[in-house]
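Novice: take a look and give me a structure for this.
(one chain, ligands or ions: 1)
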Amino acid sequence: MNREGVTMHSTEQSLAGKIAIVTGAASGIGAGIAGLFAVHGCRVVIADIDKVAGQTTAQELGENGLFCHLDVTSEESWRQLMARVNEHWGALDILVNNAGIGSAESIEDVDIALWQQILAVNTTGVFLGCRSAIQSMKHSGGGSIINISSALGLRPLSSTPAYGASKAAVVNLTKSTALQCAEKGYQIRCNAINPGFIRTPLLENALAVAEDPDALLKGYSDLHPMGSIGSIEDVAQAALFLAADGSRFITGIAMPVDGGMTI
Ligand SMILES: NC(=O)c1ccc[n+]([C@@H]2O[C@H](COP(=O)([O-])OP(=O)(O)OC[C@H]3O[C@@H](n4cnc5c(N)ncnc54)[C@H](O)[C@@H]3O)[C@@H](O)[C@H]2O)c1
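Specialist: So this is what the prediction gives:
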C-alpha cells in the first residue's frame with residue numbers, strides 16, 4: 001500500500017471464490033467474458049439457449065464451468081436458473097446480461113414481429129436478469145450486475161432502429177437499477193458496457209452473406225476513430241474490471257469500449 005492508501009498490486013482484479021452467471025455465453029463476447037472470469041478464479045454459469053455450444057464452452061472451463069439452459073425472455077426460465085445455481089454453487093456474486101440478437105432493417109422495413117423479438121431478447125431479457133439478480137444478491141451481501149448494451153445504443157445508425165432502441169433502453173434500465181440498489185443500500189452495483197463493432201460470430205455471419213465483405217468490414221472499421229473494430233478480449237477486460245472489487249465505487253455508468261466511436 002502506498003502513502004495514499006492505494007494497494008499497488010492486482011488482487012482487486014481477482015474474482016477468486018466468486019460465482020457468476022454470463023448469459024449468451026455459448027458464443028462470442030459472452031464466451032470470452034466467461035473464459036476471462038474463470039482465469040481469474042471465478043466459477044461461471046454458461047446460461048444460453050444453445051445447449052450444444054453452451055456445454056462445449058462450459059467444458060473448456062473445467063470445474064469452473066457449468067452449463068444451464070436459459071431463455072432470457074422467459075420469467076420461468078430465470079426462476080429455474082437461479083434455483084439451480086443456488087443449489088449447485090451457492091449465492092450469486094456477478095451477473096453479466098450479455099445475450100442479444102442483432103437486426104439491420106431501417107424504420108421503413110422493420111416489421112412488428114421482428115421489433116418485438118429484438119426488444120424481448122435485448123431489453124426484456126436484461127430486465128428479467130437484473131430483477132432476478134437483485135432478488136438473490138440483496139440477501140447475500142451484494143454483487144455486480146453488468147449489462148452488455150452497444151455503442152449503437154448511444155449513437156444510432158439509420159440501419160438499426162430496433163437494435164439501437166433496445167440497447168438504449170438497456171442504458172436507462174442500468175441507471176435506474178443502479179439508483180434503486182444504491183438507495184436501498186443493497187451493495188449491488190449495476191453498470192453497462194457499450195461495445196463498438198466487435199469481431200464475433202454475429203459479425204462473421206453478417207460478413208459471410210455480404211456482397212462485398214471487405215467493403216463492409218472497412219465501413220464498420222471506419223466508424224471507429226481508432227481505425228479498426230474491436231476484439232472480444234477488449235470487452236471481456238472491461239467486464240472483468242466492472243465485476244471485480246477494484247470498481248467498487250462505480251455504478252450506473254455506460255462504458256464505451258468502442259475505439260472512440262461515440263465521441
Ligand atoms: N458483436 C458486436 O459487434 C457487438 C457490438 C456491440 C454489442 N454487442 C452485444 O454483445 C452481446 C453478445 O454479442 P455477440 O456478438 O457475442 O453475439 P453471438 O451471436 O456470438 O452470441 C450471442 C449469444 O446469445 C445467445 N442467445 C440468443 N438469444 C438468447 C436467448 N433468448 N436466451 C439466451 N441466450 C440467447 C446465443 O445463443 C449466443 O450464444 C449481444 O448483446 C450484442 O448485442 C455485440
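Novice: export the lengthiest helix in the chain to CSV, keeping only CA atoms.
Specialist: Criterion DSSP state H: the longest helix present in the chain is helix 161-184. What follows is helix 161-184, C-alpha atoms only, in CSV (Å, rounded to 0.1, in the frame of the first residue of the first chain):
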residue,chain,number,x,y,z
PRO,A,161,-33.6,1.3,-35.2
ALA,A,162,-34.9,-1.8,-33.4
TYR,A,163,-31.5,-2.9,-32.2
GLY,A,164,-30.4,0.6,-31.2
ALA,A,165,-33.7,1.3,-29.3
SER,A,166,-33.4,-2.0,-27.5
LYS,A,167,-29.8,-1.1,-26.4
ALA,A,168,-30.6,2.5,-25.5
ALA,A,169,-33.3,1.1,-23.2
VAL,A,170,-30.6,-1.1,-21.5
VAL,A,171,-28.6,2.1,-20.7
ASN,A,172,-31.6,3.7,-19.0
LEU,A,173,-32.5,0.5,-17.2
THR,A,174,-28.9,0.1,-15.9
LYS,A,175,-29.0,3.6,-14.4
SER,A,176,-32.4,3.1,-12.8
THR,A,177,-31.3,-0.3,-11.4
ALA,A,178,-28.1,1.2,-10.0
LEU,A,179,-30.1,4.0,-8.3
GLN,A,180,-32.6,1.6,-6.7
CYS,A,181,-29.8,-0.6,-5.3
ALA,A,182,-27.8,2.3,-4.0
GLU,A,183,-30.8,4.0,-2.4
LYS,A,184,-31.8,0.7,-0.7
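Novice: which positions in that helix come out as buried?
Specialist: 161-171, 173-175, 177-178, 181 (16 or more other Cβ atoms under 10 Å). All C-beta spots, glycine's among them, are computed from the backbone N, C-alpha and C.
Novice: close to the ligand: what parts of the stretch 51-200 of the chain are there?
Specialist: 70-73, 98-101, 121, 148, 150, 195, 197-198, 200 (Cβ under 6 Å from any ligand atom).
Novice: residue 247: which of the residues you listed is nearest?
Specialist: residue 148 (15.9 Å; Cβ to Cβ).
Novice: which residues sit in contact with the closest residue to the closest one other than its chain neighbours?
Specialist: Using Cβ to Cβ, 6 or more residues apart in numbering and skipping residues adjacent in sequence, the residue nearest residue 148 is residue 98, 4.4 Å away. By Cβ atoms under 8 Å, 6 or more residues apart in numbering, residue 98 lies in contact with 22, 23, 24, 25, 29, 30, 33, 148.
Novice: ok, and the most crowded of those?
Specialist: residue 25 (33 neighbours; other Cβ atoms under 10 Å).
Novice: so where do the strands sit in the chain?
Specialist: With strands called from DSSP state E, the chain shows them at 19-23, 43-48, 65-69, 94-97, 143-148, 188-195, 254-257.
Novice: export those as JSON lines, with columns for distance to residue 77.
Specialist: Below are the strands of the chain laid out as JSON lines (distance: least, Cβ to Cβ, whole Å):
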{"stretch": "strand 19-23", "distance to residue 77": "10"}
{"stretch": "strand 43-48", "distance to residue 77": "9"}
{"stretch": "strand 65-69", "distance to residue 77": "7"}
{"stretch": "strand 94-97", "distance to residue 77": "14"}
{"stretch": "strand 143-148", "distance to residue 77": "18"}
{"stretch": "strand 188-195", "distance to residue 77": "21"}
{"stretch": "strand 254-257", "distance to residue 77": "27"}
